[in-house]
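Below are the sequence and a predicted model for it; my questions follow.
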Amino acid sequence: MSQSATALTPVRFDADAQAKLSALRRVKFIAGAALALCIAVSAVAKFFQGAYPWLGFVAAFAEAATIGGLADWYAVVALFRRPLGLPIPHTAIIPENQHRIADNLGRFIEANFLAPEPVREKLAEVDFAALVADWLADAERAAGLSRFVARLVPQTLTAVEQSGLRDFVTSRMLEQIEKVPLAPLAADLLSALTDDRRHQKLFDEFTRVVGRFLNDEQALETMREKIREELPSLFNLFRADAYLLKKIVASAGSLLEEVRADPEHPMRAEFDRFALSFIEKLRNSKQYARRAEKLKRDFLARPEVRALAGDAWASLRLFIEQDANAPNSVIREHLAGMFVEVGRHLADDAQIRADMNQGFVVALASFVESQKSGVSKFIADQVKRWDLGQLTRLIEMNIGKDLQYIRFNGMIIGGLAGLALYTAERLFLVN
């Protein structure tokens with residue numbers, strides 16, 4: 001794209017740039033005045049040389065200094081513009097080669113500043129993990145981050161539902177549950193229950209339930225009716241049913257009291273044997289395993305299970321959304337505390353910080369590597385879009401002061417060379 005078709009980007013000059021520009025102007029003025037002085041001294045020395053022959057040396061020095069100064073003035077000016085505005089070939093070198101300079105500058109930065117090794121070395125100097133730890137450990141920042149995360153919760157939950165992720169997770173979870181053998185798992189759970197005789201508490205609760213049953217009037221009446229049906233009619237005339245029921249209830253109640261009071265009662269030992277036998281069958285019996293698997297499959301196949309998962313998700317979402325919007329959100333409070341705790345642990349664990357920093361270096365270096373060609377092109381495009389006049393001023397402002405000293409050197413070196421030649425001429429040619 002031609003420059004005329006591209007919008008030019010102005011180059012901004014700050015206070016430091018203005019100071020450099022002022023210094024450049026002063027040096028250019030001094031260099032110009034020195035050149036004018038050489039011209040004037042050369043003319044005066046030439047004019048009075050006949051009367052004062054020694055002025056020939058002065059004239060030789062001034063004349064050669066003028067030539068050297070003019071030559072170096074031309075060389076310096078030719079870098080930035082056309083000398084005296086004349087269309088001399090190979091002048092205004094920087095403006096005429098703006099696009100080439102821009103491309104070369106971009107490639108130079110890409111090759112030397114964005115190469116993998118220098119980038120990795122520079123990134124390795126930064127303790128990113130410590131910065132993250134300090135940021136998270138600040139309570140106000142952690143609270144702000146928790147508020148930000150909480151605001152994203154509704155959108156996240158909606159995205160999960162719309163993406164079908166919820167149904168996918170539910171299906172996968174049910175599939176994984178179906179793969180788990182139920183009988184051995186139940187055996188392990190029951191073993192954990194019997195290891196410290198906690199199953200005896202279940203037995204105690206069972207005795208209490210039976211005791212309450214024996215004291216229930218309706219249950220006793222039902223038992224009396226059953227006894228009456230089994231007894232001969234003659235016994236019923238003498239209310240034998242009531243007598244038998246009373247004896248049964250009293251004996252059973254007494255037995256239950258004895259069992260609850262005696263930790264070593266034989267019935268407890270019998271219950272232990274029953275529990276251990278049942279656990280052993282669950283663990284080793286193929287028949288029990290098949291029954292457990294059938295029970296598990298039948299349970300998971302019921303539509304109520306999936307409906308339960310859906311209801312659980314809906315309840316969870318409602319709770320999270322309501323809490324996230326509440327003034328005193330529990331979720332936000334716990335998130336903030338978690339972020340602060342993470343920051344503190346990260347600050348104390350040098351190994352984790354080292355691992356994190358290594359990860360940051362790899363990730364950022366890979367990003368720079370993938371984007372460096374774009375950075376090179378961006379820099380080149382920006383330089384190409386700069387206004388030529390301002391671009392020239394920018395470059396001249398930064399290096400022009402040093403280039404002006406070339407003019408001083410040219411005048412001095414030229415003057416000395418002219419003086420040396422004039423001296424040699426007087427010594428060898430005149431004689």
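Yep, that arrived.

pLDDT weak spots in the stretch 251-400 of the chain?
306, 309-310, 386-392, 400 (pLDDT under 70).

Okay, the residue positioned nearest the centre of the chain and residue 324: tell me how far apart.
By Cα atoms, centre = their mean, the chain has its centre lying nearest to residue 360, at 7.9 Å. Residue 360 sits 30 Å away from residue 324, going by Cβ to Cβ, to the nearest Å. (C-beta placed from N, C-alpha, C; glycine too.)

And for residue 194?
Applying Cβ to Cβ to residue 194 and residue 324 gives a distance of 44 Å.

returning to that earlier point: verify the contact between the residue nearest to the centre of the chain and residue 130 for me.
No: between residue 360 and residue 130 there is no contact under Cβ atoms under 8 Å: 11.1 Å.

Please give the element, helix or strand, for the closest residue to residue 330 other than its chain neighbours.
In space, not counting the residues next to it along the chain, residue 330 is nearest to residue 323; the distance is 5.6 Å by Cβ to Cβ, 6 or more residues apart in numbering. Using DSSP states H and E, residue 323 sits within helix 303-325.

what does that helix rub up against?
Contacting residues not belonging to helix 303-325 are listed as 150-151, 153-154, 157, 166, 170, 174, 299, 329-332 [Cβ atoms under 8 Å, 6 or more residues apart in numbering].

from those residues, which is closest to residue 213?
Taking Cβ to Cβ as the measure, residue 299 is the one of those closest to residue 213, at 29.2 Å.

Relative to the whole chain's centre, how far out is the host helix or strand of the closest one?
Per DSSP H and E: residue 299 is located in helix 286-301. Offset of helix 286-301 from its chain centre (Cα atoms, centre = their mean, to the nearest Å): 47 Å.

what about dumping the CA coordinates of it to PDB?
Extracted in PDB, the C-alpha atoms of helix 286-301 (Å, rounded to 0.1, in the frame of the first residue of the first chain):
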ATOM      1  CA  LYS A 286     -21.200 -65.200  43.700                       C
ATOM      2  CA  GLN A 287     -24.900 -65.500  44.500                       C
ATOM      3  CA  TYR A 288     -24.900 -62.500  46.800                       C
ATOM      4  CA  ALA A 289     -22.800 -60.600  44.200                       C
ATOM      5  CA  ARG A 290     -25.300 -61.300  41.400                       C
ATOM      6  CA  ARG A 291     -28.200 -60.200  43.700                       C
ATOM      7  CA  ALA A 292     -26.400 -57.000  44.600                       C
ATOM      8  CA  GLU A 293     -25.600 -56.200  41.000                       C
ATOM      9  CA  LYS A 294     -29.200 -56.900  39.900                       C
ATOM     10  CA  LEU A 295     -30.400 -54.600  42.700                       C
ATOM     11  CA  LYS A 296     -28.000 -51.900  41.700                       C
ATOM     12  CA  ARG A 297     -29.000 -52.100  38.000                       C
ATOM     13  CA  ASP A 298     -32.700 -52.000  38.800                       C
ATOM     14  CA  PHE A 299     -32.100 -49.000  41.000                       C
ATOM     15  CA  LEU A 300     -30.100 -47.100  38.500                       C
ATOM     16  CA  ALA A 301     -32.500 -47.900  35.700                       C
END
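
The residue nearest to residue 330: neighbour count?
Residues lying near residue 323 (other Cβ atoms under 10 Å) number 16.

Need the contacts of helix 303-325 in TSV (columns: distance to residue 212, neighbour count and secondary structure).
Listed next are the contacts of helix 303-325 as TSV, based on distance: Cβ to Cβ, whole Å; neighbours: other Cβ atoms under 10 Å; DSSP: H, G, I helix; E, B strand; the rest coil:
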residue	distance to residue 212	neighbour count	secondary structure
150	49	20	helix
151	54	12	helix
153	48	17	helix
154	49	14	helix
157	46	18	helix
166	44	16	helix
170	41	16	helix
174	39	15	helix
299	30	13	helix
329	45	18	coil
330	40	11	helix
331	43	18	helix
332	47	23	helix
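
Quick check on residue 180: phi, psi?
phi -80, psi 120 (degrees, to the nearest 10).

Neighbours of it, how many?
9.

One more: residue 214?
17.

these two touch, right, it and residue 254?
No: taking contacts as Cβ under 8 Å, residue 214 lies outside contact range of residue 254: 10.7 Å.

Cool, thanks, signing off.
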